[in-house]
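Novice: I'd like to go over a predicted model; first the sequence, then the structure.
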Amino acid sequence: MQKLLRPLLALLFVAAVIAFAFSYTVRFTESAVVTTFGRAGEDAVVSEPGLKFKWPYPIQSVTKYDSRLRVLQTRSQTQQTAEDSQVVVEAFATWRVSNPLVFFQRFSNAGSRAEDHFEQAEDILRNVLRSALGETSKYRLDELFSDDPSKSKFAELESRIFEDVVGGEAEGRSLSDYGIEVAMVGINRVVLPEETTDKVIKRMGAVRDGLAASLESQGDARATEIRAKADADAKKIRAFAERRAAEIRAKGEMEAAEFLAQQNSEPELAVFLQNIELMKDAMAKRFTLVVSASDFGMGLFSPSALNGLGAGELPTRLPGDGALLSGQTGRGSLLADEVSGEAGARGAGGQR
């Protein structure tokens, strides 16, 4: 068994080498170009995926190209705008191999590998894209960058760059002549140099100042209009109120004329009734009445009324009047005690 194992392994190795030399595979994301003695004919392109067969090298060789989109990024470069401002722009492009046979014929001199062909193709595409970025000089900064996205022409600039790239030429040939298809072109970065940034900031400040002045002017005009309308409305309301007050006053005077005539017939009675009404209104609430101790009958409330009297004695003469008090009764003593207790608290006043 061991004697047969070595020949079997050797046979399998030889079969694998032969299979590798006589076959190749194509993925569904690839297109292959099969050359015979270094030349590719019209039927050299194989796009259908699967296992394929060929003659071994150097009779035939296979170059596979990825048919998916590839992304090309340019380096930063300075562009001039329409108002002579400078901006630093970075752009990108997505592309694919549209015609593998033409692509192979144009770039096969770059090397035997597909990567070498892609590198040379990207160099050509990068030069075309840089040239197309010159469309930036046809736009001003305020046209490309605006507060209102609907007014910005940035998308229009990208469309014009795309058209220039698709219709552009390299070494007298268009990109389609190289088997290249450009799917999309865009600008992924725009940087303002320091000098341009200062200019833009100053210009934006001037625009903002103008806008603020315009808004302030509109506000002043609106405020003047509102004040004028408010003054006019106030005059109308005041005139109406004065007119209405005059009507009410006249009506009140007409209704009061009857009562005034009756009061004029008996003026003293009218005054007496008014005094009664005043007393009713005043005495309906708690109030304080202030009188002088020198008035008639008020001498008893004087602090000096009880000076020099003994217990149970009544004063025979009160300050401020000529009245006499006689006798020492219990009621008089009680009155004296009450007066002596309240006189100091009330002084010259009485409270009801």
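Specialist: That came in fine, so what should we check first?
Novice: can you list contacts of the helix or strand Phe118 falls within?
Specialist: Remark: Phe118 resides in helix 114-132, with elements defined by DSSP states H and E. Contacts to helix 114-132, defined as CB atoms under 8 Å, 6 or more residues apart in numbering, come from residues 63-66, 70, 72, 74, 77, 91, 93, 95, 103-104, 106-108, 110-111, 161-162, 164-165, 168-171, 175, 178, 180, 182, 185. Using the backbone N, CA and C atoms, a C-beta is placed for each residue, glycine as well.
Novice: and those, which of them are in strands?
Specialist: Among the contacts of helix 114-132, DSSP state E puts 63-66, 70, 72, 77, 91, 93, 95, 169-170, 180, 182, 185 in strands.
Novice: and these, which is closest to Leu211?
Specialist: Ala91 (32.9 Å; CB to CB).
Novice: and for the closest one, the neighbour number?
Specialist: 26 (other CB atoms under 10 Å).
Novice: got the contact list for it?
Specialist: Going by CB under 8 Å, 6+ apart, Ala91 touches 74, 129, 133, 161, 185-188.
Novice: put the buried members of the ones in strands among the contacts of helix 114-132 into a PyMOL selection.
Specialist: What follows is the PyMOL syntax for the buried subset of the ones in strands among the contacts of helix 114-132, where burial is set by 16 or more other CB atoms under 10 Å:
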select buried, resi 63+64+65+70+72+91+93+95+170+180+182+185
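Novice: returning to what we had before: got the CA positions of the helix holding Phe118 in CSV?
Specialist: Taking C-alpha atoms only, helix 114-132 is exported to CSV below (Å, rounded to 0.1, in the frame of the first residue of the first chain):
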residue,chain,number,x,y,z
ALA,A,114,-4.1,43.7,-14.4
GLU,A,115,-3.1,46.0,-11.6
ASP,A,116,-0.5,47.6,-13.8
HIS,A,117,-3.2,48.3,-16.4
PHE,A,118,-5.5,49.8,-13.8
GLU,A,119,-2.7,52.1,-12.5
GLN,A,120,-2.0,53.5,-15.9
ALA,A,121,-5.7,54.0,-16.6
GLU,A,122,-6.1,55.9,-13.4
ASP,A,123,-3.2,58.2,-14.3
ILE,A,124,-5.0,59.1,-17.5
LEU,A,125,-8.4,59.5,-15.8
ARG,A,126,-6.8,61.6,-13.0
ASN,A,127,-5.3,64.0,-15.6
VAL,A,128,-8.7,64.4,-17.3
LEU,A,129,-10.5,65.0,-14.0
ARG,A,130,-8.0,67.7,-13.0
SER,A,131,-8.5,69.4,-16.3
ALA,A,132,-12.3,69.3,-15.9
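Novice: count of neighbours near Tyr139?
Specialist: 21.
Novice: I'd say it and Ser152 touch.
Specialist: No. At 10.0 Å, Tyr139 does not count as touching Ser152 under the criterion of CB atoms under 8 Å.
Novice: ok, back up a step: let me know the average pLDDT across the helix or strand following the helix holding Phe118.
Specialist: Using DSSP H and E, the next helix or strand after helix 114-132 towards the C-terminus is helix 141-144. Averaging pLDDT along helix 141-144 yields 84.
Novice: not counting its own residues, what contacts helix 141-144?
Specialist: 81-83, 85, 87, 152-154, 157, 190, 200, 203.
Novice: wait, which of these is closest to Thr36?
Specialist: Leu157 (47.4 Å).
Novice: look up phi and psi at the most centrally placed residue in the chain.
Specialist: For the chain, the residue nearest the mean C-alpha position is Asp147 (13.9 Å; CA atoms, centre = their mean). Main-chain torsions, Asp147, degrees, to the nearest 10: phi -70, psi -30.
Novice: what's the spacing between it and Arg140?
Specialist: Asp147 is 15 Å from Arg140, where distance means CB to CB, to the nearest Å.
Novice: how about low-confidence regions in this protein?
Specialist: Residue ranges of the chain with pLDDT under 70: 1-2, 196-197, 200, 287, 296-297, 300, 305-306, 308-352.
Novice: ok, which stretches of it are strands?
Specialist: Using DSSP E, strands in the chain cover 23-26, 30-36, 45-46, 50-53, 60-66, 70-73, 77-80, 86-97, 169-170, 173-174, 180-191, 288-290, 349-351.
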